[in-house]
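**Student:** A structural model of the following input is requested.
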Amino acid sequence: METNKIPKSPAERITESIKNKFQCQNATINPINEDQLILPSIFKVHQGLRRSNPDSYAPMIVSIGPYHHASTANPSLLPMENIKLSYLHSFLARTSEDDVGRYVLALQQSKHKALSFYADQNFDDENGDLFVEMMLLDGCFIVEFVRRYSELENGHDLEDDPIFGVDWMRIQICRDLMLIENQLPYFVLLELYNLNHDDQFDDFIGDEREPFANLAMLVFSDMFPKLCPASIFSSAELFEEREIKHLLHLVHLLCRPPPHSSSSPSGLKSIEGNYGVSGSEVMDPMRCVKELEEAGITFKKIGKVYAGIHSLDADTIDDTISLFDIQFHNGVMEIPSLKVEDSTDTFFRNLIAYEQHSSELRPKYFTDYAMFMDQLINTDEDVNVLRRNGIIVNLLGDDGEVATLFNKLGEGVITSSNFYYLGTCNSVNQHCGKIWNVVMAKLRHDYFNSPWATASTIAAVVLLILTVIQTIASVIPLYS
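**Tutor:** Alright, predicted model coming up:
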């Protein structure tokens with residue numbers, strides 16, 4: 001005889017539902033020791049940032065990590081999976097191996113640590129085998145790609161390589177490896193590199209085993225809008241390799257001002273903690289380039305644009321000017337020169353997205369730089385002034401495209417409480433607020449804003465002077 005079940009009340013059903021959700025959540029928490037607790041550093045970009053240019057965050061050729069894993073849902077990324085297998089064969093051949101067993105074992109042991117790097121772990125993999133296989137294929141691909149890039153730079157013939165034999169593919173892969181959603185934890189790459197000790201490769205590129213970070217620098221340096229040689233040469237002082245979260249984090253580290261740089265308000269090696277001017281100050285909006293010119297401010301280029309790490313030598317080691325070294329004094333704004341090309345938008349967007357999602361990155365150099373440039377640049381006329389002064393090297397061709405790029409970078413971005421350029425902006429606004437500069441700005445805007453207006457104004461002034469002289473000349477005889 002069946003007993004009639006007493007129906008649960010709404011409160012009981014809701015309580016049970018929440019309890020089940022807690023149990024599911026606890027089941028997915030990675031069993032990491034407290035001393036291994038890691039804050040996520042690989043994120044999916046939130047919609048506020050993504051909507052202005054979603055393509056800037058999606059891989060075009062190669063998927064790395066779980067967020068864009070190649071599948072029938074991403075058919076354009078499937079062809080690279082065969083190349084990954086080919087690169088894995090080459091990776092094993094460097095140490096005369098034909099089995100991946102010891103690499104799988106190492107990755108299996110660090111699986112939970114690797115998972116903790118991902119903020120979104122909502123992917124289907126019950127026992128983690130797919131995740132480990134993905135780390136192996138993607139990690140070995142990156143290590144082999146970085147090695148071959150170094151071999152290419154050192155004169156090795158790679159014409160038959162499916163990637164390096166075609167320039168556009170190599171460039172697109174470099175671009176894909178820069179995406180915040182397309183990352184592997186750096187320690188995975190380092191572990192694979194250290195396990196796969198290729199003496200022939202080490203002998204080919206130098207006398208000693210090169211740190212993997214030094215090899216990876218070479219891959220991305222061509223994409224930097226502005227290289228800072230001092231940061232490259234002093235990278236060992238800036239950070240330790242074990243502190244690197246992923247390849248995009250490495251790029252962020254390399255772009256930072258070097259220790260004791262003039263752009264580092266704190267004057268300290270450490271970039272964490274306090275910086276800039278107190279966040280309690282409120283910054284008034286800064287005028288654009290054309291309006292600042294009218295107020296008597298001139299723009300000066302500082303630093304050089306380098307073609308990549310291979311273009312640096314011992315003579316450039318003292319160049320400490322980074323992208324962020326913007327200074328203002330005595331009516332002159334000094335801005336480091338930078339190149340703007342097809343990859344610039346993706347470069348900035350992913351570094352800004354990384355800063356926006358990460359609670360650890362301080363200062364937020366790229367976010368604050370983009371917001372500062374967005375204030376300076378409103379139209380193509382502003383870009384034209386900066387280009388003519390050598391500050392912007394425009395490889396896009398159209399000044400309007402550069403203006404649009406910087407205007408859209410700030411969409412969905414939240415500025416930090418300690419804006420890196422707050423002191424600079426306030427100094428500029430104070431300069432523009434002085435009575436004499438206000439008067440001069442008014443004159444330049446109303447009477448000298450074009451060659452025709454300038455000519456008309458001068459003609460009117462000359463006519464006025466002649467009229468005054470004529471009047472005086474006609475009055476003098478009456479009193480003589």
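**Student:** Low-confidence stretches in this structure?
**Tutor:** Within the chain, the ranges that satisfy pLDDT under 70 run 1-5, 24-37, 72-73, 124-127, 201-208, 236-237, 260-283, 435-461, 473, 478-480.
**Student:** Could you tell me which residues make contact with Leu189?
**Tutor:** If a contact means CB atoms under 8 Å, 6 or more residues apart in numbering, then Leu189 has 139, 142-143, 212, 247 as its contacts. To be clear about C-beta, it is placed using only N, CA and C from the backbone, and glycine gets the same treatment.
**Student:** By neighbour count, which of the residues you listed wins?
**Tutor:** Neighbour counts for the contacts of Leu189, by other CB atoms under 10 Å, peak at Ile142, which reaches 27 neighbours.
**Student:** Could you pull out the helices in the stretch 51-200 of the chain for me?
**Tutor:** Taking DSSP state H, counting those that start in this stretch to define them, one finds helices in the stretch 51-200 of the chain at 79-93, 101-109, 111-115, 129-153, 167-176, 186-195, 199-205.
**Student:** Check the stretch 201-350 of the chain too.
**Tutor:** For the stretch 201-350 of the chain, the helices identified by DSSP H, counting those that start in this stretch occupy 212-220, 229-233, 235-238, 247-255, 289-294, 344-357, in order along the chain.
**Student:** what packs against the second one?
**Tutor:** Read that as helix 229-233. helix 247-255 (3 or more CB pairs under 8 Å, 6 or more residues apart in numbering; DSSP states H and E).
**Student:** Ok, the fifth one next?
**Tutor:** Applying 3+ CB pairs under 8 Å, 6+ apart, one finds that helix 289-294 makes contact with helix 380-388, helix 435-447.
**Student:** What is the neighbour count of Ser343?
**Tutor:** Close neighbours of Ser343, defined as other CB under 10 Å, add up to 19.
**Student:** swap that for Gln172, please
**Tutor:** As a measure of burial, Gln172 has 17 neighbours, counting by other CB under 10 Å.
**Student:** Tell me how far the residue most central in space within the chain lies from Phe131.
**Tutor:** Among the residues of the chain, the smallest C-alpha distance to the mean C-alpha position (CA atoms, centre = their mean) belongs to Leu351, namely 3.1 Å. Counting by CB to CB, to the nearest Å, the separation of Leu351 from Phe131 is 26 Å.
**Student:** and Met333, what are its bridge partners?
**Tutor:** Each beta-bridge partner of Met333 is listed here, defined by DSSP bridges: Phe299, Phe328.
**Student:** how about it, what does it touch?
**Tutor:** 292, 297-300, 326-327, 428.
**Student:** Now that Pro162 has come up, it's in contact with Lys84, right?
**Tutor:** No - judged on CB atoms under 8 Å, Pro162 makes no contact with Lys84 at a distance of 10.8 Å.
**Student:** and those two? which has more neighbours close in?
**Tutor:** Here Pro162 and Lys84 are set side by side on neighbour count (other CB under 10 Å), and the busier one is Lys84, at 22 against 14.
**Student:** Name all residues that make contact with that one.
**Tutor:** Residues touching Lys84, when contacts are defined by CB under 8 Å, 6+ apart, comprise 62, 137-138, 140-141.
**Student:** hang on, the earlier thing: need the helices of the stretch 51-200 of the chain in TSV (columns: distance to Ile335).
**Tutor:** What follows is the helices of the stretch 51-200 of the chain, written out as TSV (distance: least, CB to CB, whole Å):
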stretch	distance to Ile335
helix 79-93	39
helix 101-109	45
helix 111-115	40
helix 129-153	30
helix 167-176	26
helix 186-195	32
helix 199-205	36
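**Student:** Ok, which of these comes nearest Glu16?
**Tutor:** The minimum distance between Glu16 and the helices of the stretch 51-200 of the chain falls on helix 111-115, with 28.8 Å, by CB to CB.
**Student:** Packing partners of that closest one?
**Tutor:** For helix 111-115, the helices and strands in contact under the criterion 3+ CB pairs under 8 Å, 6+ apart are helix 129-153, helix 186-195.
**Student:** any chance of the ones you listed in CSV, plus distance to Ala58?
**Tutor:** Putting those into CSV (distance: least, CB to CB, whole Å) gives the following:
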stretch, distance to Ala58
helix 129-153, 16
helix 186-195, 22
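**Student:** which residues touch Ala370?
**Tutor:** 348, 352, 406, 409-410, 413.
**Student:** how about 6 Å then?
**Tutor:** Going by CB atoms under 6 Å, 6 or more residues apart in numbering, Ala370 touches 352, 409-410.
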